[in-house]
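Novice: attaching a predicted model along with its sequence, questions to come.
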Amino acid sequence: ACGLDEPPKVTTYLPEATFTGKSLYYSYETCGSKDLFTEKFNVDACVNQDSKEDCLELKVKSGGRKCAWTGKKCLGWEIVEHPLCKNVAGVQQAKSAAAGRVASLVGVLLTLIAAAAA
C-alpha cells in the first residue's frame, strides 16, 4: 500500500470499520484498474483534500484522525504514520511488497463486506 503510484483510500462502504484498530482501504490500482470512483463519489477521501487544514480536519467516528498530511498531499493516516509506511513522502518501497499488503487489506475488506451482507 505504501509504494503504489495511486494510494489506497479509506473505504466508503464501511467507513467506521477497522482491522486491528486501523481503517480499511480500497485500491483500484491493486487490481489493475483506473480509479473513476473516488473523485466523484468519495468527496471526503483524504486524497481529495487540497490543503493541510482540510486534510487534518477529517476524523473517523471515534475521533481519531482519518487523514495525514505528507507536506505535499493528503493520504490515509495509516499510509503516512504506520511504521511500515514511514517513507511514503520520500523513497517508495518495493511495489511487490506493497501489493501484497494491499491485497491482504482488500481481502479483509471483502470478507467484512460479505459478512455484513449475510
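Specialist: Noted; the coordinates are in hand.
Novice: how about the helices in this protein?
Specialist: Secondary structure of the chain (DSSP state H): helices located at 38-41, 52-57, 77-81, 95-117.
Novice: mind showing which ranges of this protein have poor pLDDT?
Specialist: For the chain, the stretches with pLDDT under 70 are 1-3, 86-100, 102-103, 118.
Novice: tell me which of the helices of the chain sits most buried.
Specialist: Of those, the one with the most neighbours on average (mean count of other CB atoms under 10 Å) is helix 77-81, at a mean of 21. From N, CA and C alone the C-beta is placed, and that goes for glycine too.
Novice: which strands and helices sit next to that one?
Specialist: With contacts defined as 3 or more CB pairs under 8 Å, 6 or more residues apart in numbering; DSSP states H and E, the packing partners of helix 77-81 are strand 22-23, strand 67-69.
Novice: give me whichever of these is most buried.
Specialist: Comparing the helices and strands packed on helix 77-81 by mean neighbour count (mean count of other CB under 10 Å), strand 67-69 ranks first with a mean of 23.
Novice: could you check how far that strand is from the centre of its chain?
Specialist: On the basis of CA atoms, centre = their mean, to the nearest Å, strand 67-69 sits 10 Å off its chain's mean C-alpha point.
Novice: and what of stretch 28-39?
Specialist: Distance, centroid of stretch 28-39 to centroid of chain: 12 Å (CA atoms, centre = their mean).
Novice: which residues does residue 22 bridge with?
Specialist: According to DSSP bridges, the partner residues bridging residue 22 are residue 19.
Novice: same thing with the one 4 residues further on?
Specialist: For residue 26, the beta-bridge partners under DSSP bridges are residue 9.
Novice: so that it lines up with my notes, have the first residue be 43 from now on.
Specialist: Taking 43 as the first residue, the last one we looked at is residue 68.
Novice: contact partners for it?
Specialist: 50-51, 53, 55, 148, 151 (CB atoms under 8 Å, 6 or more residues apart in numbering).
Novice: what's the farthest-apart pair in the residues you listed?
Specialist: Using CB to CB, the pair of the contacts of residue 68 lying farthest apart is 50 and 55, separated by 13.5 Å.
Novice: higher neighbour count, the two?
Specialist: Between residue 50 and residue 55, counted using other CB atoms under 10 Å, residue 50 has the larger neighbour count: 29 against 12.
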